[in-house]
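>>> model the following, please.
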Amino acid sequence: MSDDKALVASETPYSVLVEAGKNYLWCACGRSQSQPFCDGSHKGTGFSPVKFTAEKKEWVWFCGCKQTGSAPLCDGTHKTLT
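Sure, this is the predicted structure:
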């Protein structure tokens, strides 16, 4: 099964306190039960998770709608969804 568009997991972004030097795998398909992170649910689709490496400990807004133009971070696209 290959989908052209990711599922909308949330109509708002996910706020996550990331740790410096840690790698995170952001779910790009919208199917993960561990949002905003990948749990392998993309297998069999055309999607792959997006790696994010935190440079410092800080709050990050990961995209929840999966339609962002700046993956894996929120760019406000969720405000335009109908």
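>>> pLDDT weak spots in the chain?
Judged against pLDDT under 70, the low-scoring parts of the chain cover residues 1-3.
>>> recalculate using a threshold of 50.
Counting by pLDDT under 50, the low-confidence segments of the chain come to 1-2.
>>> could you pull out the strands for it?
For the chain, the strands defined by DSSP state E occupy 14-18, 23-26, 50-53, 58-62.
>>> in JSON lines: these, plus mean neighbour count and distance to Thr80.
Every residue, glycine included, has its C-beta placed from N, CA and C. What follows is those, written out as JSON lines (neighbours: other C-beta atoms under 10 Å; distance: least, C-beta to C-beta, whole Å):
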{"stretch": "strand 14-18", "mean neighbour count": "15", "distance to Thr80": "18"}
{"stretch": "strand 23-26", "mean neighbour count": "18", "distance to Thr80": "20"}
{"stretch": "strand 50-53", "mean neighbour count": "14", "distance to Thr80": "21"}
{"stretch": "strand 58-62", "mean neighbour count": "15", "distance to Thr80": "16"}
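>>> would you confirm that Gly30 contacts Leu7?
Yes: with contact defined as C-beta atoms under 8 Å, Gly30 reaches Leu7; the gap is 3.1 Å.
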